[in-house]
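Novice: sequence first, predicted coordinates after that:
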Amino acid sequence: MAQIHEAICAAMGRTGAIGKDKKNQQQGFKYRGVDDVMNALQPVFAEFMIFCTPRVIEIKREERQTKNGGAMTYTVVTVEYTFYAADGSSVSCVVCGEGMDSADKSTSKAMSIAFKYACFQLLCIPTEETAPDPDREYHEKLPHETEPPVTCTKCGKAIAPVKGKDGTVKAPKDVAEQLGGLCPDCWRAAKSEAAQAAVEAARETAQA
């Protein structure tokens with residue numbers, strides 16, 4: 001067994017539960033902050049000589065509008081965290097983090113979330129609570145998911161919902177209505193053919 005494996009196993013045994021002592025004031029849910037994780041793990045990592053280095057694999061940003069009309073930057077980062085022992089042996093894990101901010105903090109928020117969950121999953125840090133099972137959660141279907149499929153009048157394929165720049169989802173029937181019964185691919189092809197036909201007609205007129 002490599003030294004990093006022994007160190008992580010020892011750290012798991014030394015790290016206690018980190019409770020959800022903080023509360024989100026807007027939505028009202030409780031959570032464990034990244035500062036709680038760092039405060040709990042720093043002495044443990046120092047004792048067993050573990051340190052961590054992050055490597056950002058991918059970063060995505062987009063602008064979103066708030067319900068009050070303001071602008072928010074939404075950032076998703078994919079980060080590889082490598083945990084090292086004193087002898088240079090290491091283990092790595094890849095996690096995603098999401099962050100949103102109206103100023104310049106969306107990336108740092110996303111990185112904080114990514115690091116927090118990397119530590120949670122690497123060390124199996126308990127919360128002293130019963131974790132919700134995703135299989136037990138009820139997913140309320142969106143309106144377009146309960147409607148019969150809408151097919152393209154040209155190619156016959158089912159028209160998929162389209163997500164707009166503002167994050168709203170346009171149902172297939174609305175897409176078909178806007179594009180004259182066509183799917184986006186056939187609509188773009190028809191538009192290109194029409195533009196080419198207009199160019200040819202203008203060329204013939206000029207030569208007449």
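Specialist: Sure thing, it's come through.

Novice: now do the closest residue to Leu122 other than its chain neighbours against Val77, distance only.
Specialist: Here the nearest residue to Leu122 in space, its sequence neighbours aside, is Cys93; by C-beta to C-beta, 6 or more residues apart in numbering that works out to 5.8 Å. No exception for glycine: its C-beta is placed from N, CA and C like everyone else's. When C-beta to C-beta, to the nearest Å is the yardstick, Cys93 and Val77 sit 14 Å from each other.

Novice: those two - which one has more neighbours?
Specialist: Neighbours were tallied for Cys93 and for Val77 using other C-beta atoms under 10 Å; the higher tally belongs to Val77 (24 against 15).

Novice: now the more buried one, nearest residue through space, not along the chain?
Specialist: Leaving aside its chain neighbours, Val77 sits nearest to Ala110 (4.5 Å; criterion: C-beta to C-beta, 6+ apart).

Novice: mind checking the SS state of that neighbour?
Specialist: Assigned by DSSP: H, G, I helix; E, B strand; the rest coil, the conformation of Ala110 is helix.

Novice: wait, it touches Val95, no?
Specialist: No: contact status for Ala110 versus Val95: not in contact, 10.6 Å apart, counting by C-beta atoms under 8 Å.

Novice: neighbour count winner among those two?
Specialist: When neighbours are counted by other C-beta under 10 Å, Ala110 and Val95 differ, and Ala110 comes out ahead with 26 against 20.

Novice: pLDDT at the more buried one, what is it?
Specialist: If you check Ala110, the pLDDT there is 94.

Novice: now do it against Pro54, distance only.
Specialist: Counting by C-beta to C-beta, the separation of Ala110 from Pro54 is 12 Å.

Novice: lowest-pLDDT helix or strand in this structure?
Specialist: Taking all helices and strands of the chain together, the one with the lowest average confidence (mean pLDDT, DSSP states H and E) is helix 143-146, at a mean of 53.

Novice: that helix: what's the following helix or strand?
Specialist: Going down the chain from helix 143-146, the next helix or strand is strand 162-163, by DSSP states H and E.

Novice: can you list the strands that that next one pairs with?
Specialist: Applying DSSP bridges, strand 162-163 is found paired with strand 169-170 (antiparallel).

Novice: for the next helix or strand after the strand it pairs with, which positions count as buried?
Specialist: Following strand 169-170 in sequence order, the next helix or strand is helix 172-178 (DSSP H and E). Buried residues in helix 172-178, counted by 16 or more other C-beta atoms under 10 Å: 172-173, 175-176.

Novice: buried residues in the longest helix anywhere in the chain, which are they?
Specialist: For the chain, the longest helix by residue count, based on DSSP state H, is helix 184-207. Neighbour-count burial for helix 184-207, with 16+ other C-beta under 10 Å as criterion, is recorded at 186-187.

Novice: do stretch 40-52 as well
Specialist: Applying a neighbour-count criterion of 16+ other C-beta under 10 Å, the buried positions in stretch 40-52 are 40-41, 44-45, 48, 50, 52.
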